[in-house]
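Peer 1: next one to model:
(4 chains)
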2 protein chains.
Amino acid sequence: MGASKTEHFTDKQNAIAVMAKALGHPARVAIIEYLLKVDTCICGDIVNELPLAQPTISQHLKELKNVGLIKGSIEGNAICYCVDEKALTVLQKFFTHVTTKMEKKKNNCC
Amino acid sequence: MGASKTEHFTDKQNAIAVMAKALGHPARVAIIEYLLKVDTCICGDIVNELPLAQPTISQHLKELKNVGLIKGSIEGNAICYCVDEKALTVLQKFFTHVTTKMEKKKNNCC
DNA sequence: AAAGTCTATCGTAATATTGCAATATAGTAA
DNA sequence: TTACTATATTGCAATATTACGATAGACTTT
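Peer 2: Numbers count the residues shown, from 1 in each chain, chains lettered A, B, ... in the order given. A predicted model of the protein is given here:
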């Protein structure tokens, strides 16, 4: 095989997994962090910032865009990429929920 | 290629990426959720709970364990797996930090 | 000890990911 | 129009992931 059996899991589980997977690469974590750091967010900046070739970065940006973690709009010649609040908020809520649940059952086992 | 160039990124970026990657599969999200839901956490339960074969689940558990998201201790015949608070808290803090940063620069661009 | 239960590992097939050179596309400027 | 700049796509090689049958290892019970 090699393909995940997504049909057996809930929509929420798949949604979390898809977004987590997109962040499962340091370059894509770095892209998100960079987009949050700078005020403007042109792709060219990212190419200069990261130690990867332009096609590789373009590919990473595409993946982040595909799962909705960033959005891009054409800005003249360049393209303006920004983080998408909604998607990242979903992840934030998931992990906050997880840590909250953990505290409730603290030292319950193991 | 096929291997990530982890050496070019910060330790923190790599740490987040490794953990996010581990959660980048719905079965592993389901495993974490299940471990939080039940009080006891024996692997056998998970095999019955998820629509995957036992070797596949064992493999997923191994990956979660490798990145520190869960920990397991031998409990007689079975093995008791539990979520690891520290690792999940790192992720929770990262995403809370991200969403906090997002709100500060709201509507700054795009 | 023998049989049963639970989990891990091996081996393998199918598929996905990563990275980049080369090239294409689209807009800007001369 | 021609050249320039910015980003995307294609094509390919190397590697990683996913899944599971078969089997092994470890502990329990009889």
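Peer 1: which parts of chain A are helices?
Peer 2: A:11-22, A:26-37, A:43-49, A:54-66, A:85-104 (DSSP state H).
Peer 1: nearest to chain B, out of those helices?
Peer 2: Of all those, helix A:11-22 sits nearest to chain B, with 2.8 Å by Cβ to the nearest Cβ. Using the backbone N, CA and C atoms, a C-beta is placed for each residue, glycine as well.
Peer 1: average pLDDT for the closest one?
Peer 2: The average pLDDT for helix A:11-22 rounds to 98.
Peer 1: and stretch A:38-48, by the same measure?
Peer 2: 78.
Peer 1: most packed of the helices of chain A?
Peer 2: Across the helices of chain A, averaging neighbours per residue (mean count of other Cβ atoms under 10 Å in any protein chain shown) puts helix A:26-37 on top, at a mean of 22.
Peer 1: does any part of it sit near DNA strand C?
Peer 2: Yes: figure legend: helix A:26-37 in contact with DNA strand C (Cβ under 7 Å from any atom of the strand); contacting residues residue A:27.
Peer 1: follow-up on the earlier one: out of the helices of chain A, flag the one nearest residue A:75.
Peer 2: Between residue A:75 and those, the shortest gap by Cβ to Cβ is with helix A:43-49, which sits at 9.6 Å.
Peer 1: residues making contact with the closest one?
Peer 2: Helix A:43-49 is contacted by residues A:30-31, A:34, A:38, A:54, A:57-58, A:61, A:72, A:78-79, A:81 when judged by Cβ atoms under 8 Å, 6 or more residues apart in numbering or on different chains.
Peer 1: need the max-distance pair from the residues you listed.
Peer 2: The widest separation within the contacts of helix A:43-49, taken as Cβ to Cβ, falls between A:30 and A:78 and amounts to 19.3 Å.
Peer 1: show me what stretch A:28-39 is in contact with.
Peer 2: The contact list for stretch A:28-39, computed with Cβ under 8 Å, 6+ apart, reads A:22-23, A:41, A:45-46, A:49-50, A:57, A:60-61, A:63-64, A:69-70, A:81-83, A:88, B:9-10, B:13, B:16-17, B:20, B:98, B:101-102, B:105, B:108-109.
Peer 1: thinking again about what came up before, can you put the helices of chain A in JSON lines and add distance to residue B:93?
Peer 2: Supplementary listing: the helices of chain A in JSON lines, determined by distance: least, Cβ to Cβ, whole Å:
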{"stretch": "helix A:11-22", "distance to residue B:93": "16"}
{"stretch": "helix A:26-37", "distance to residue B:93": "14"}
{"stretch": "helix A:43-49", "distance to residue B:93": "24"}
{"stretch": "helix A:54-66", "distance to residue B:93": "21"}
{"stretch": "helix A:85-104", "distance to residue B:93": "9"}
